[in-house]
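model the following, please.
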Amino acid sequence: MKVILKQDVKKVGKRGDIVDVSDGYGRNFLIARGLAVAESKASLEILKEQKSEEAALEAQREEEARKKAALLEKTVITFTVKSGKEGRVFGSVSTKQIVEALNKQGIIIEKRKIIDTEPIHSLGTTRVKVELHKNVIGTIVVKVLGSEN
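Predicted structure coming up:
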């Protein structure tokens, strides 16, 4: 029996896959619990329509991510940290601080999207990469200035 999965099913397939399962498993488990529908011309048409809608939505998300990446390229974030003589830094700049500074500028980014997860321990300019979409990576310029005590 061929069925179209409505949700991800462990050890069977992902949402939208057409899989061949035994008749009893298909009728009594997958279809009965709403995890799948039997394959038919109508269900194949619906699946095709859903996949085209998902592709259009994915393209729109990618375009928005590209716009955000262009905005991030122009963004410079400046932090002032305590430092000793010879540029030695006491403390660091974490990804959480970077995200908070971006949020204050009106750019919303999740902390887990930052690829360079190591804190910044040195003075100067650092480029931090952010994954905005699976195909789009933006870059933020972070300047760390020292203030001697």
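
just to be sure, residue 99 is in a helix?
Yes. Counting by DSSP: H, G, I helix; E, B strand; the rest coil, residue 99 is part of a helix.

mind starting the numbering at 39 from now?
Renumbered: residue one is now 39, and that last one reads residue 137.

how much space separates residue 133 from residue 151?
Distance of residue 133 to residue 151, given as CB to CB, to the nearest Å: 9 Å. Heads up, the C-betas are built off the backbone N, CA and C, glycines and all.

just residue 118 next, same as before
25 Å.

mind checking how far the lengthiest helix in the chain is from the chain centre?
Ranked by residue count under DSSP state H, the longest helix found in the chain is helix 79-111. Taking CA atoms, centre = their mean, to the nearest Å, the mean C-alpha location of helix 79-111 is offset from the chain mean by 14 Å.

elements contacting it?
With contacts taken as 3 or more CB pairs under 8 Å, 6 or more residues apart in numbering; DSSP states H and E, helix 79-111 sits against strand 40-43, strand 162-171, strand 174-186.

quick check: phi and psi at the closest residue to residue 132 other than its chain neighbours.
Nearest non-adjacent residue to residue 132, counting by CB to CB, 6 or more residues apart in numbering: residue 157, 4.8 Å away. Main-chain dihedrals, residue 157, degrees, to the nearest 10: phi -60, psi 150.

and for residue 157, the neighbour number?
Residues lying near residue 157 (other CB atoms under 10 Å) number 13.

contacting residues around it?
Residue 157 makes contacts with 130, 131, 132, 133, as judged by CB atoms under 8 Å, 6 or more residues apart in numbering.

give me that answer again for 7 Å
By CB atoms under 7 Å, 6 or more residues apart in numbering, residue 157 lies in contact with 130, 131, 132.
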